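Participant: Need a 3D model of the following:
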Amino acid sequence: MTSTSSTAGVREAGRPSSGAGGPPEVVDAEADRLFRERALALGWNPDDVFVGGYVAWEWERSRHAFEAIFGSVRGLRVLELGCHLGATGIVLASLGAEVTGVDVSEKYVELAQRNADRHGLGDRVRVLHVEDTTRMPFESGAFDVVSCNSVLEYVPPELLASVQKEIDRVLAPGGYVVVLGTSNRLWPKETHSARWLVSYVPRALQRSVLGFRVESVSPFRLRAGFPGYRDLGLRDGGKLLMDLKTRMGVGGRRRQVLSAANRVLLPLGAHVGFVSPTITMILQKP
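Facilitator: Numbering: from 1, shown residues only. Now for the predicted structure:
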């Protein structure tokens, strides 16, 4: 199927814009055509914010987490686990990181690579189909950062510990696991289905009672799966996470509420990233 949408908005070929200039732009008209064509063939609207606009969406969100942690990601080796359409990796590549994306779905892998190509970042983003993420084709310590953006809740519960163990293997000593956008099992309204209290139904009964499996995970289970790692959300009185929220535009009374919640949670060994609708957790390997 051929896209009938115009590529008139595609910038002249060259390096994509990034940094203070804004999100990376689409710079390759032919790669953009192929991306749109394939998205349409899969029944997706290439102009949807979570398809063709996903990179700009992540620029306004996940970028702030990495800037709050590292200041600059230039030169870092990043693994984007469960890359989907590659949006987070493309943002990081535009800021100078060397990115490898993996996904269990071949259709996502193909689109993610085309997405990187159309943004002029195919030389900094490599996307692989890895059907079993408990055994990834990388050397131990191959990455400085593993980005897990809205992915770990989709891992079957019986495999989660094995996936976390493999993340630990491929992460270099002193490296970081960055968990973002992950549906929180503790939150009363499940993020993906927008239904109340469904996460509290025992997993063994979810399909029979609800008709679907709830895609959420406990932040306590996530952190326990990386034993010995340092939770950076607990350092400096929770300043890192509050700075991240501020960068994302959280201010006024909402910021005051989050800051107060953080002060209550910190003595308990938790932080606002544990109790938000989606989990934010930044863990550093020993």
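Participant: Tell me where the stretch 1-150 of the chain has helices.
Facilitator: All helices of the stretch 1-150 of the chain, identified by DSSP state H, counting those that start in this stretch, fall at 29-41, 54-59, 62-70, 87-94, 106-118.
Participant: Looking at the shortest one now, give me its mean pLDDT.
Facilitator: Just to be clear, that refers to helix 54-59. Here helix 54-59 scores 96 as its mean pLDDT.
Participant: What of the first one?
Facilitator: pLDDT averaged over helix 29-41 equals 96, rounded to a whole number.
Participant: just to revisit the earlier point, can you put the helices of the stretch 1-150 of the chain in a markdown table and add distance to residue 249 and mean neighbour count?
Facilitator: For glycine as for every other residue, the C-beta is placed from the backbone atoms N, C-alpha and C. What follows is these, written out as a markdown table (distance: least, C-beta to C-beta, whole Å; neighbours: other C-beta atoms under 10 Å):
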| stretch | distance to residue 249 | mean neighbour count |
| --- | --- | --- |
| helix 29-41 | 29 | 19 |
| helix 54-59 | 13 | 20 |
| helix 62-70 | 9 | 20 |
| helix 87-94 | 17 | 30 |
| helix 106-118 | 25 | 23 |
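Participant: and of those helices, who's closest to residue 225?
Facilitator: Of all the helices of the stretch 1-150 of the chain, helix 62-70 sits nearest to residue 225, with 19.5 Å by C-beta to C-beta.
Participant: Just the terminal-to-terminal distance for stretch 270-286.
Facilitator: 19 Å (C-alpha to C-alpha, to the nearest Å).
Participant: Show me what counts as buried in it.
Facilitator: Residues of stretch 270-286 classed as buried: 270-276, 278-285 (neighbour count, 16 or more other C-beta atoms under 10 Å).
Participant: circling back to that earlier point, among the helices of the stretch 1-150 of the chain, which comes closest to residue 77?
Facilitator: Per C-beta to C-beta, nearest to residue 77 of the helices of the stretch 1-150 of the chain: helix 87-94, 10.5 Å.
Participant: Going by secondary structure, residue 164 is in what exactly?
Facilitator: helix 157-170 (DSSP states H and E).
Participant: looking at the helices of the stretch 1-150 of the chain, which is closest to residue 240?
Facilitator: helix 62-70 (6.0 Å).
Participant: And the contacts of the closest one?
Facilitator: 73, 76, 88, 91-92, 95, 145, 147, 149, 176, 178, 180-181, 232, 240, 243-244, 247-248, 280, 282 (C-beta atoms under 8 Å, 6 or more residues apart in numbering).
Participant: rerun that using 6 Å as the cut-off
Facilitator: Residues outside helix 62-70 that contact it (C-beta atoms under 6 Å, 6 or more residues apart in numbering): 73, 88, 91, 149, 180, 243, 244, 247, 248, 282.
Participant: Spit out the contact partners of the third one.
Facilitator: Residue 91 makes contact with 58, 59, 63, according to C-beta under 6 Å, 6+ apart.
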